[in-house]
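Asker: Got a sequence here, can you build the structure:
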Amino acid sequence: MATLNPQLLAILACPACEDRPPLEWRGAYLVCHQCRRAYPIRDDIPVLLVEEAVPLEQIEPPPPSEPAQG
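Answerer: Numbers count the residues shown, from 1 in each chain. A predicted model of the protein is given here:
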């Protein structure tokens with residue numbers, strides 16, 4: 001599992017978003033909730049390249065569906 005220096009995590013921001021929102025560390029990814037991209041962490045190094053990002057939906061399960069009302 002990847003490890004990140006907390007001071008580094010505090011200054012990292014999404015490269016795809018104009019207002020540069022902070023990223024959240026989630027396992028082997030850094031996640032931007034604004035554009036819903038997940039940036040991989042490889043060999044403990046964040047890969048903050050937009051072309052390397054994957055949609056957030058690929059790394060987390062979808063929310064549980066609500067039961068049908070009838």
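Asker: can you map out the strands along this protein?
Answerer: With DSSP state E as the criterion, the chain has strands at 24-26, 29-32, 37-42, 45-46, 54-55.
Asker: Any idea which helix or strand in the protein has the lowest mean pLDDT?
Answerer: Here the helix or strand of the chain ranked lowest by mean pLDDT, DSSP states H and E is helix 6-11, holding a mean of 90.
Asker: what residue ranges in this protein score low on pLDDT?
Answerer: Scanning the chain with the threshold set as pLDDT under 70 gives 1-2, 62-63, 66-70.
Asker: Next up, the contacts around the most centrally placed residue in it.
Answerer: Among the residues of the chain, Val31 comes closest to the average C-alpha position under CA atoms, centre = their mean, at 1.3 Å. Shown in contact with Val31 (CB atoms under 8 Å, 6 or more residues apart in numbering): 23-25, 37-39, 56, 59. For the C-beta atoms, the positions are set from N, CA and C on the backbone; glycine is no exception.
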